[in-house]
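# coords below, sequence missing:
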């Protein structure tokens, strides 16, 4: 019985840690989001976490983040995916990052829900793991995300990876 209580407490503490304490508003975005257009399907899974930016060893800044994973399929063919990593332990700072373990990092500027905007980046797995800037506009019910991404000038220079794997614009619906 004692072991069951200990295991339950550990599970609960890990669940609580996974939620953002800096910006609890982000918790409404946690879960699976989906876009379907004909044969194309995009699934995105978001989780919140607090992330400390280590600066000069004296000052550290904590920010609330949405970490995400995506899968892009055409029919039954997976074009790119890191979706299986969605249950990984989230990084808390740059010292415990695992390279390419998540593909999205988003923020709600000033934790202001009225802005109805998330800003961040996606890693384009197929295009040499290049990072693309993302702007997401969400509806007031927080059930739809209007996604917009772009390539920065000079992307692909030296790598030969040009363009984007995901569509430039699409609308995700909360599942």
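Received it, and whenever you're ready, just let me know what you need. Quick caveat: nothing in here was measured; it's all calculated off a predicted structure.
# Which parts of the chain are helices?
For the chain, helices defined by DSSP state H occupy the ranges 2-18.
# Quick check: bridge partners of the residue most central in space within it?
The centroid of the chain falls nearest to residue 68 when counting by CA atoms, centre = their mean (2.3 Å). Beta-bridge partners for residue 68, by DSSP bridges, are residue 46, residue 104.
# tell me the contacts of it?
Shown in contact with residue 68 (CB atoms under 8 Å, 6 or more residues apart in numbering): 44, 45, 46, 47, 102, 103, 104, 105, 106, 122. No exception for glycine: its C-beta is placed from N, CA and C like everyone else's.
# does the last one really touch residue 149, like I thought?
Yes. At 6.2 Å, residue 122 and residue 149 qualify as touching, with contact defined as CB atoms under 8 Å.
# can you list residues touching both of the two?
132, 134, 166.
# Which residues does the closest residue in space to the first one that isn't next to it in sequence form beta bridges with?
Here the nearest residue to residue 132 in space, its sequence neighbours aside, is residue 149; by CB to CB, 6 or more residues apart in numbering that works out to 4.8 Å. With DSSP bridges as the criterion, residue 149 is bridged to residue 134.
# pretty sure residue 149 is touching residue 166, no?
Yes. Between residue 149 and residue 166 there is a contact at 6.7 Å, judged by CB under 8 Å.
# more neighbours, the two?
Between residue 149 and residue 166, counted using other CB atoms under 10 Å, residue 166 has the larger neighbour count: 23 against 19.
# Spit out the residues that contact residue 149 and residue 166 alike.
What both residue 149 and residue 166 touch, as defined by CB under 8 Å, 6+ apart, is the set residue 122.
# In a markdown table: the contacts of residue 68, plus neighbour count, distance to residue 63 and pLDDT.
Converted to a markdown table, the contacts of residue 68 look like this (neighbours: other CB atoms under 10 Å; distance: CB to CB, whole Å; pLDDT from 0 to 100):
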| residue | neighbour count | distance to residue 63 | pLDDT |
| --- | --- | --- | --- |
| 44 | 27 | 20 | 98 |
| 45 | 22 | 20 | 98 |
| 46 | 25 | 16 | 98 |
| 47 | 23 | 15 | 98 |
| 102 | 24 | 15 | 96 |
| 103 | 23 | 18 | 97 |
| 104 | 22 | 15 | 97 |
| 105 | 20 | 10 | 96 |
| 106 | 22 | 11 | 97 |
| 122 | 23 | 18 | 96 |
